[in-house]
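Engineer: Output the structure for:
(one chain, ligands or ions: 1)
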Amino acid sequence: MSPYNNEKLYYKFRMGLKNNAEKLDTIGDNHIGTSTETPMRSDAFTLSADEKINIIKDDVQHIMETLGLDLNDDSLKGTPNRVAKMFVNEIFGGLDPTKKPKASTFENKYQYGEMLVEKNITLYSTCEHHFLPIVGRAHVAYISNGTVVGLSKMNRIVDHFSKRPQVQERLTIQIVKELQNVLNTDDVACVIDAKHLCVNSRGIRDIESSTVTSEFGGKFKDKETKREFLNYIQLETKF
Ligand SMILES: [Zn+2]
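Structural biologist: Next up is the predicted model:
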């Protein structure tokens, strides 16, 4: 008895994956993104979350067994299921467009015309080249065009796009694009300062380095406005 509801669909899906993997070029440790959109297959959501968890569980088990681990050990036997659920529901949950935060905006009743900056938004993402964590801070700003958004919505947007296999450049752009859409203005900026564990903990093993990326839209391309934003995010906040 197969764990999958639709055997044919599963077979087609896996064959598609295999063909895709064979086409892949190796880019090694060069962290180059290929597109501002997350590369997704057209059949990305033909399988349900539960079906994906079932498949990934088997795959993780296969990796562990290949490494020679004994899955009868009490400490290891739950790992394949745990990892599969974590991939689908948590750390890669942002691949699912239905999980995108709802765009509830408000009228700018205060007529506040200066920039609004939310700095030090904690960010956890995953490097798409190594599947290792990216841990950092995002600083996001916008100048209202008559519409404002709740502060926590900015955190949620950062979190949503972080929960994908990512390259930092793409993540920065995706956050700006989403806020531009939600706020109906180009005047949005984002700076991300993050540590990539694939650089810090393996490979070159540079524990101190961090990576800074930025995207400046609309008025933020202007020298003075950009400088004002960058000055704000350098403010040390102590409470
Ligand atoms: Zn990496």
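Engineer: After the helix or strand encompassing T122, which helix or strand is next? Please name it.
Structural biologist: Assigned by DSSP states H and E, T122 belongs to strand 115-127. Downstream of strand 115-127, the next assigned helix or strand under DSSP H and E is strand 133-143.
Engineer: Quick check on N72: phi, psi?
Structural biologist: phi -80, psi -10 (degrees, to the nearest 10).
Engineer: wait, does the strand holding T122 contact the ion?
Structural biologist: Yes. Using C-beta under 5 Å from the ion, strand 115-127 comes into contact with the ion via C127. Where C-beta positions appear, they are placed from N, C-alpha and C, glycine not excepted.
Engineer: quick one: buried residues of that strand?
Structural biologist: M115, L116, V117, E118, K119, I121, L123, S125, T126, C127 (16 or more other C-beta atoms under 10 Å).
Engineer: What residues does this protein have near the ion?
Structural biologist: C127, H129, H130, C198.
Engineer: swap the cut-off to 6 Å and go again
Structural biologist: The chain comes close to the ion at residues H31, C127, H129, H130, L132, H196, C198, as judged by C-beta under 6 Å from the ion.
Engineer: And those, which is the shakiest by pLDDT?
Structural biologist: Scanning the residues of the chain next to the ion for pLDDT, the smallest score is found at H31, 60.
Engineer: helices or strands up against the host helix or strand of V158?
Structural biologist: Element membership of V158 [criterion: DSSP H and E] is helix 151-162. On a contact count with 3 or more C-beta pairs under 8 Å, 6 or more residues apart in numbering; DSSP states H and E, helix 151-162 meets strand 115-127, strand 133-143, helix 168-183.
Engineer: Measure how the longest one sits relative to helix 151-162, angle-wise.
Structural biologist: Helix 168-183 and helix 151-162 are oriented at 140 degrees to each other (axes from the mean of the first three to the mean of the last three C-alpha atoms, to 10 degrees).
Engineer: From the chain's centroid, how far away is helix 168-183?
Structural biologist: Averaging C-alpha positions (C-alpha atoms, centre = their mean, to the nearest Å) puts helix 168-183 11 Å from its chain's average.
Engineer: Give me the contacts around it.
Structural biologist: 31, 33, 35-36, 38, 100, 103, 105, 125, 134, 138, 140, 142, 144-145, 147-149, 153-154, 157-158, 160-162, 164, 186, 188-192, 194, 196, 211, 213-215, 217 (C-beta atoms under 8 Å, 6 or more residues apart in numbering).
Engineer: ok, now stretch 126-139?
Structural biologist: Here stretch 126-139 has contacts from 27, 29, 31, 91-92, 117-125, 158, 162, 164-168, 175, 190-198, 201-202, 210-211, 229, 233, using C-beta under 8 Å, 6+ apart.
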